[in-house]
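# Got a predicted structure plus its sequence, pasted below:
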Amino acid sequence: MINLLNHILLILLQSEAASSGVKERLLEGLFNVNINNFLVLSSLLFVIGIAGVLTRRNVIVIFMSIELILNAVNINLVAFSRYWFLQSEGKNAYMGEIFTIFVIVVAAAEAVVGLGIIIAYYRNKETVAVDEIDLMKW
Amino acid sequence: MMEQAFFLILATLAVGAALSVIIQRSPLYSAFSLIGVFACLAGTYIMLKAQFLGAIQMIVYAGAIMVLFVFVIMLLNIRKEETALDKYRYLWLLSIPFAATLIVEVLYTILKVTSDFTSLPEMAKRPEVGDSQSIGYGLYTGYLMPFELTSILILLAIVGSVILARREKD
């Protein structure tokens, strides 16, 4: 497990490692997943994203903070996927990663539609500050 | 030991760049910081043996979505500086106890609930998990229905963005 850097070097220098077989070139990842580290990183990113949504006025930065929140969720999913793979018999270890792919797709769709709304609004009102966007207030 | 150092470097860079996202005045610098966050998270995924997701993270997030963000920022060309609202000047003092409570709560839960986890290193020898083959197998067998529904979602997003961005003819 100390050989992580060695594996990365093997991937970077694939031509060198071609003779030693396909499996030797695969990155093996962490064997002892201390899942607390990843959960703490995820919660920190999540809190930072929420702070960005709550404090910033530029609606584009708010969208970026939402992307940050979604990435915090993705770390949780991937870390638990790896953890489950280590804990179980290795069955269905890719479920969390498949869910992460769905999250990425939904984030892309959300960014496209949200930025379309921003462009349409800016064309009419010349502003992207959220406190000036009050068209639907009663 | 080395893994821990690697993770600490990546996590520190990610949190610092995330703080930079919400602190920077200019939206363009925020976008660049967000690209840094995505790169660090891609490294984290590779550490977790999700190489395919690491590549997808760089290609889709840092490549496609952030280019879209930068494109919109450049297109709108917002020069005006953000100013704090006078109306809520003293309300931010209220946020400190709430934020501290939230952080302590989350950390307490994480450290308490997951403290008895142990890992089984012998199970990790299988090389086929985390690459595109196993994920593609899962997507086209067990998760075919949500995969196909995702295509409908993308179609809706395309049509919606085209309609939203269309200029009205008089």
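Great, that's in hand.
# center of the chain - which residue?
If you meant another chain, say so; for now it's chain A. In chain A, the centroid-proximal residue (Cα atoms, centre = their mean) is A:N71; its distance is 2.8 Å.
# let's do chain B instead
B:F38 (6.3 Å).
# hang on, that residue is in a helix, isn't it?
Yes - assessed with DSSP: H, G, I helix; E, B strand; the rest coil, B:F38 lies in a helix.
# hang on, isn't the residue nearest to the centre of chain A packed against A:I48?
No - using Cβ atoms under 8 Å, A:N71 is not in contact with A:I48; the gap is 10.7 Å. Glycine gets a C-beta too; all of them are placed from N, C-alpha and C.
# Give me the pLDDT value at the residue nearest to the centre of chain B.
At B:F38, the model reports a pLDDT of 95.
# Over to B:R166?
Value listed for B:R166 in the pLDDT field: 81.
# likewise B:P146?
Reported pLDDT for B:P146: 91.
# got the contact list for the residue nearest to B:S33 when sequence neighbours are not counted?
Distances taken as Cβ to Cβ, 6 or more residues apart in numbering or on different chains place B:S20 nearest to B:S33, at 3.9 Å, with adjacent residues excluded. For B:S20, the contacting residues are B:Y29, B:S30, B:S33, B:G36, by Cβ atoms under 8 Å, 6 or more residues apart in numbering or on different chains.
# If any of those are buried, give me the PyMOL selection for them.
Typed into PyMOL, the line below selects the buried ones among the contacts of B:S20, using 16 or more other Cβ atoms under 10 Å in any protein chain shown:
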select buried, chain B and resi 30+33+36
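# any idea which of the contacts of B:S20 is the one closest to B:V159?
Distance ranking of those against B:V159, using Cβ to Cβ, places B:S30 first at 29.1 Å.
# What's the per-residue pLDDT of B:I103 here?
For B:I103, pLDDT reads 83.
# Near A:A108, how many other residues are there?
As a burial measure, A:A108 scores 19 neighbours (other Cβ atoms under 10 Å in any protein chain shown).
# State the three-state secondary structure for it.
A:A108 - assigned by three-state DSSP - is helix.
# Tell me the spacing between it and A:R123.
23 Å (Cβ to Cβ, to the nearest Å).
# hmm, back to that, what number of residues lie near the closest residue to the residue nearest to the centre of chain A other than its chain neighbours?
On the basis of Cβ to Cβ, 6+ apart, the spatially nearest residue to A:N71 that is not a chain neighbour turns out to be B:L41, at 5.7 Å. B:L41: 31 surrounding residues under other Cβ under 10 Å.
# what's the spacing between the residue of chain B found nearest chain A and B:L68?
Nearest residue of chain B to chain A: B:K49, at 2.7 Å (Cβ to the nearest Cβ). Look at B:K49 and B:L68: by Cβ to Cβ, they are 29 Å apart.
# okay, those two: which has more neighbours?
Between B:K49 and B:L68, counted using other Cβ under 10 Å, the more crowded position is B:K49 (29 against 15).
# my guess is that one meets A:Y83, correct?
No - between B:K49 and A:Y83 there is no contact under Cβ under 8 Å: 11.1 Å.
# Look up phi and psi at the residue of chain B closest to chain A.
phi 60, psi 40 (degrees, to the nearest 10).
# just to revisit the earlier point, from the contacts of B:S20, which ones fall inside helices?
B:Y29, B:S30, B:S33, B:G36 (DSSP state H).
# Now tabulate these in CSV and tack on distance to B:L107.
CSV is the format used below for the ones in helices among the contacts of B:S20 (distance: Cβ to Cβ, whole Å):
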residue, distance to B:L107
B:Y29, 29
B:S30, 26
B:S33, 24
B:G36, 24
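# that older thread, ok, now how distant is the residue nearest to A:N71 from B:L34?
10 Å.
# just checking, A:D134 is part of a helix?
No - assigned with three-state DSSP, A:D134 falls outside any helix and is coil.
# which residues touch the residue nearest to the centre of chain B?
So B:F38 contacts A:N71, B:Q57, B:M58, B:Y61, B:A62, B:M66 (Cβ under 8 Å, 6+ apart).
# give me that answer again for 10 Å
Contact analysis of B:F38 by Cβ atoms under 10 Å, 6 or more residues apart in numbering or on different chains lists A:67-68, A:71, B:14, B:17, B:57-58, B:60-63, B:65-66.
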